[in-house]
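# here's my sequence, what's the structure:
(one chain, ligands or ions: 1)
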Amino acid sequence: MKFFLDTANIEEIKRINELGLVDGVTTNPTLISKEGRPFEEVIKEICSIVKGPVSAEVIGLNAEEMIKEAREIATWAKNVVVKIPMTEEGLKAVNILSNEGIKTNVTLIFTISQGLMATKAGASFISPFLGRLDDIGSNGVELVRNLRTVLDNYGYETEIIAASVRNIGHLESVAEVGSHIATVPGSLFPKLWSHPLTDSGIEDFLEDWKKYERNMK
Ligand code: E4P
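Alright, predicted model coming up:
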């Protein structure tokens, strides 16, 4: 499974990218607004740090506005992907943009049908939102499992980005059900490689090593 970082924070991206763990980045208007810097500047900087796909979302609500924004965003970097909301107008835009060779990530997917429609329209990526589904008592992981089955049934090349990931359980489960990608908030990433028993195990070993060295003198 590929790991994307779900953040627009440059420091966070640089730190985790140094570990060789970042296959791409996803942003959204909320994440960009937290940085207090111009949208274009932030996206260009992220695209220069990370080699993989970097999603930047349009603000327009009708297809014409979305297409105009998308064409502009697509000039910012080779690895930029335009994020389009899952609406009728969004589908119209995705269809036109994909025919122009502009990569899209259709966001705010909550059902199999929405995922299938976005895929058929030509989306490069679809983003089911796990956490927000769990918040309303639905099962986000099941949606990812079912979407993967549907894509595989018909040989679609569209990739699933498990989004709105809130905890390690989400990540482990979407890996099990075959999500192509999971996008992970910067705050959650370090939890993927840490465990208190690892830390206490290292302490125990070092303590015993000190005793051993003392005895060997
Ligand atoms: C994904 O592309 C979105 O930016 C993100 O995962 C949304 O997560 P949230 O539901 O925690 O805001």
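# for the nearest residue to residue 24 once chain neighbours are set aside, grab phi and psi.
Once flanking residues are discounted, residue 24 sits nearest to residue 52: 3.6 Å by Cβ to Cβ, 6 or more residues apart in numbering. To be clear about C-beta, it is placed using only N, CA and C from the backbone, and glycine gets the same treatment. With angles defined as degrees, to the nearest 10, residue 52 sits at phi -80, psi -170.
# burial measure for residue 52, as a count.
Around residue 52 there are 17 other residues, counting by other Cβ atoms under 10 Å.
# need the per-residue pLDDT for it.
Predicted confidence (pLDDT) for residue 52: 97.
# got the residues of this structure near the ligand?
Residues of the chain lying near the ligand by Cβ under 6 Å from any ligand atom: 6, 26, 28, 107, 127, 129, 131-132, 163-164, 183.
# let's see it at 5 Å
For the chain, the residues in contact with the ligand (Cβ under 5 Å from any ligand atom) are 6, 26, 28, 127, 131-132, 163-164.
# helix/strand/coil for the residue sitting nearest the centre point of the chain?
The structure's the chain has its C-alpha centroid closest to residue 183; by Cα atoms, centre = their mean the separation is 2.7 Å. Using DSSP: H, G, I helix; E, B strand; the rest coil, the structure places residue 183 in strand.
# ok, it touching residue 127?
Yes - because the distance of 7.5 Å satisfies Cβ atoms under 8 Å, residue 183 is recorded as touching residue 127.
# any idea how many residues pack against residue 79?
Residues near residue 79, counting by other Cβ under 10 Å: 16.
# would you agree it is in contact with residue 49?
No - counting by Cβ under 8 Å, residue 79 sits too far from residue 49 to count as a contact (10.4 Å).
# hang on, residue 207 in a helix?
Yes - checked against three-state DSSP, residue 207 lies within a helix.
# dihedrals phi and psi, residue 82?
The phi/psi pair for residue 82 (degrees, to the nearest 10) reads phi -90, psi 130.
# so the residue nearest to residue 24 versus residue 23, what's the distance?
5 Å (Cβ to Cβ, to the nearest Å).
# where do the contact lists of those two overlap?
Shared contacts of residue 52 and residue 23 (Cβ atoms under 8 Å, 6 or more residues apart in numbering): 2, 4.
# the strands in this protein, which residues?
For the chain, the strands defined by DSSP state E occupy 2-6, 24-26, 54-57, 80-85, 104-109, 125-128, 159-162, 181-184.
# any residues touching the fourth one, and which ones?
Looking back up the chat, that one is strand 80-85. 26-28, 43, 47, 53-58, 61, 66, 69-70, 73-74, 90, 93-94, 97, 102-108, 123-125, 127.
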